[in-house]
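Asker: quick one, fold the following:
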Amino acid sequence: MENKIVDELKNSIRSIPDFPKPGILFRDITTLLKDGNKFKDAVEIIAQQYLEKKIDKVVAVEARGFIFGAAIAYKLGAGFVPVRKKGKLPAKTQQVSYDLEYGTDTLQIHCDAIEPKDKVLIVDDLLATGGTAKAACELIEKSKAEITGIEFLIELVALKGKEKLKGYPVNSIIKF
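Answerer: Purely as a prediction, here's the structure:
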C-alpha cells in the first residue's frame, strides 16, 4: 500500500524545466501541498517511522522544510525548531557556514532551542547536494543532541547528497 501512495505522491510533483536557470529541472511540491490528502499522506509516511522513537525536537531549515517539519513535529508531539539564514532569528544564536556552488551561506539556530541529549529529527523537503543538511547536522551536534534521523520528501539521487551525509541515518521518500 505504501508503495502505491509514494508513487501517487511522486506523480503529484510538477517538474519545471529551466527553472530557476537553464539546465535545472525544478521539482515543484506546491502541486502536492495543494492536495490535502497527499500532504497528509506525505506527513504520515515520514512521521510513522518515528512514532516509537520519542523524538524531542523536529528541526527544519527554511523555508519549505518548515512546511513538513512543523506538521511532523505536531504529529510526533515534539517541539519544532527552525533553522534560519543568518540574521533572521532574534535571540542569541549559534551558526555554521557552508559552501554553496558559488560562494558560502550561513545557517543559525537559537542557542536555547536544543538541549544536550535531545533526540532530534531533521526534516527537509529536498536532498540535493547535501550541504544544507550537513550544516544543520553540525548545528545539532554543537548542542550535544542526538540526531535520530534525517528525512527528506524528495532526493535528487544524481546529485549524490547522501555522500555528504555519510554516518547519519538518512531517508528519502521519493527519488528522482
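
Asker: show residues contacting the host helix or strand of Ala47.
Answerer: Ala47 belongs to helix 36-48 when assigned by DSSP states H and E. Residues from elsewhere that reach helix 36-48 (CB atoms under 8 Å, 6 or more residues apart in numbering): 2, 5-6, 8-9, 12, 32-33, 68, 71-72, 75-76, 123, 151, 153, 173. (C-beta placed from N, C-alpha, C; glycine too.)

Asker: now the residues you listed: which count as buried?
Answerer: For those, a neighbour count by 16 or more other CB atoms under 10 Å gives the buried set as 5-6, 9, 12, 32-33, 68, 71-72, 75-76, 123, 151, 153, 173.

Asker: farthest pair within the residues you listed?
Answerer: The most widely separated members of these are Ser12 and Leu76, with 23.8 Å between them, by CB to CB.

Asker: buried residues in the helix holding Ala47?
Answerer: Neighbour-count burial for helix 36-48, with 16+ other CB under 10 Å as criterion, is recorded at Lys38, Phe39, Asp41, Ala42, Val43, Ile45, Ile46, Ala47.

Asker: with just CA atoms, put it into PDB.
Answerer: Once side chains and other backbone atoms are set aside, the C-alpha atoms of helix 36-48 remain, and they are given as PDB (Å, rounded to 0.1, in the frame of the first residue of the first chain):
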ATOM      1  CA  GLY A  36      -4.900  17.900   1.400                       C
ATOM      2  CA  ASN A  37      -4.900  14.100   1.200                       C
ATOM      3  CA  LYS A  38      -1.400  13.900  -0.500                       C
ATOM      4  CA  PHE A  39       0.000  16.400   2.000                       C
ATOM      5  CA  LYS A  40      -1.400  14.300   4.800                       C
ATOM      6  CA  ASP A  41       0.000  11.100   3.300                       C
ATOM      7  CA  ALA A  42       3.500  12.700   3.000                       C
ATOM      8  CA  VAL A  43       3.500  13.800   6.600                       C
ATOM      9  CA  GLU A  44       2.100  10.400   7.800                       C
ATOM     10  CA  ILE A  45       4.700   8.300   5.900                       C
ATOM     11  CA  ILE A  46       7.500  10.300   7.500                       C
ATOM     12  CA  ALA A  47       6.100  10.600  11.000                       C
ATOM     13  CA  GLN A  48       5.100   6.900  11.100                       C
END
